[in-house]
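> the sequence isn't on hand, but the structure is:
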DNA sequence: GTATAATTGCAAATGATTTGCGTTTTTATT
DNA sequence: AATAAAAACGCAAATCATTTGCAATTATAC
Ligand SMILES: [Mn+2]
Ligand SMILES: [Mn+2]
Ligand SMILES: [Zn+2]
Ligand SMILES: [Zn+2]
């Protein structure tokens, strides 16, 4: 549980600002992400919502959120997708995910590392590097 | 095409050394990896072999190769699996893939970077880091 | 409020990867 | 070299995550 004052965040307006219509489901979905301090898998999303939602609807919403700069994807150790809130670096028009992720190989928690700077050279032996995916696998504090 | 003297490599013996039986298909498969200087997708493997092989057989062989330290998996930009020869750091008993990969987002070529050293701390704010997956995306020399 | 556009739910489709199983090929033993 | 045990093969069917079609519902724009 994150220490955000959820009362003060209008998730409907947040959706509108990012070009998404505000439906009750999508408001609950974006709120769920804001209440979690880690990434979520599809099943965790569905379990996190009381009412039963269709999986296809969830996938469509997650993809819409991603295309509009609200969340981003992180692959877990089995290459399955997890979803995490975008950090400050992202906007509806531009996604930038050059930050690293910590991934617990036991419970699959994921944490975005905003302060971890990677020494990427733009040009690596003629190869032009434009983006990086960096995943540090190991054990989170709870799983050691 | 890599500059290896393929005449001097006995791929059958290589398989045996790694606990795999030498079948004509598996000998061709390991040779194909040695002739390529990049990673291969399933379809590239199948196209790289004249005779028609069953996909299930290829998957089984690739998994067997991986479990025995001959190749390792690298996810492409769509999270599909590609396969690349293991570097010196690997043995039949231990896999170590803390090296970074260059991944061309146009042609999907992948290159292992043995000399790229990442500043990983063993312990990152209480999170114990035991492995890292680092993918640098961009454009290879041919695709710019 | 009415028209237009986006979202939902349910079922069916996809696409990558795996599995079951009977047959064939390899490996280990005599 | 013959033979038994183990591993690999080929083909079809199964799995599993994710996507798609479509008709019904809900939201946005005028
Ligand atoms: Mn992140
Ligand atoms: Mn590699
Ligand atoms: Zn954990
Ligand atoms: Zn390329």
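Great, that's in hand. Small disclaimer: the values here were computed from a predicted structure and weren't measured. Ligands and ions are numbered 1, 2, ... in the order given.

> quick one: distance of the lengthiest strand in chain A to the chain centre.
Scanning chain A for the longest strand, with DSSP state E as the assignment, gives strand A:127-139. From the chain centre to the centre of strand A:127-139 is a distance of 16 Å (CA atoms, centre = their mean, to the nearest Å).

> so which residues on chain A come close to ligand 1?
A:84, A:112 (CB under 5 Å from the ion). Any C-beta I mention is one placed from the backbone N, CA and C, and that applies to glycine too.

> if you set the cut-off to 6 Å instead, what comes out?
Contacts of chain A with ligand 1, taken as CB under 6 Å from the ion, map to A:72, A:84, A:99, A:101, A:112.

> run a quick neighbour tally on the closest residue to residue A:108 other than its chain neighbours.
What sits nearest to residue A:108 in space, not counting adjacent residues and going by CB to CB, 6 or more residues apart in numbering or on different chains, is residue A:76, at 5.2 Å. Other residues near residue A:76 come to 19 when the count uses other CB atoms under 10 Å in any protein chain shown.

> who does the closest residue to residue A:40 other than its chain neighbours form a beta bridge with?
Residue nearest to residue A:40 in three dimensions, not counting chain neighbours: residue A:83, with 5.5 Å by CB to CB, 6+ apart. Beta bridges link residue A:83 to residue A:40, residue A:73, judged by DSSP bridges.

> check whether the longest strand of chain A contacts ligand 2.
No - counting by CB under 6 Å from the ion, ligand 2 has no neighbours in strand A:127-139; the shortest distance is 14.0 Å.

> note down every partner strand of that strand and its orientation.
Next to strand A:127-139 in the sheet, as set by DSSP bridges, lie strand A:100-104 (parallel), strand A:123-124 (antiparallel), strand B:127-139 (antiparallel).

> mind listing the helices for chain A?
A:11-17, A:24-35, A:42-48, A:55-67 (DSSP state H).

> got those as a markdown table, with mean pLDDT and distance to residue B:63 columns?
Output for the helices of chain A, formatted as a markdown table (pLDDT from 0 to 100; distance: least, CB to CB, whole Å):
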| stretch | mean pLDDT | distance to residue B:63 |
| --- | --- | --- |
| helix A:11-17 | 94 | 43 |
| helix A:24-35 | 96 | 35 |
| helix A:42-48 | 95 | 25 |
| helix A:55-67 | 96 | 28 |
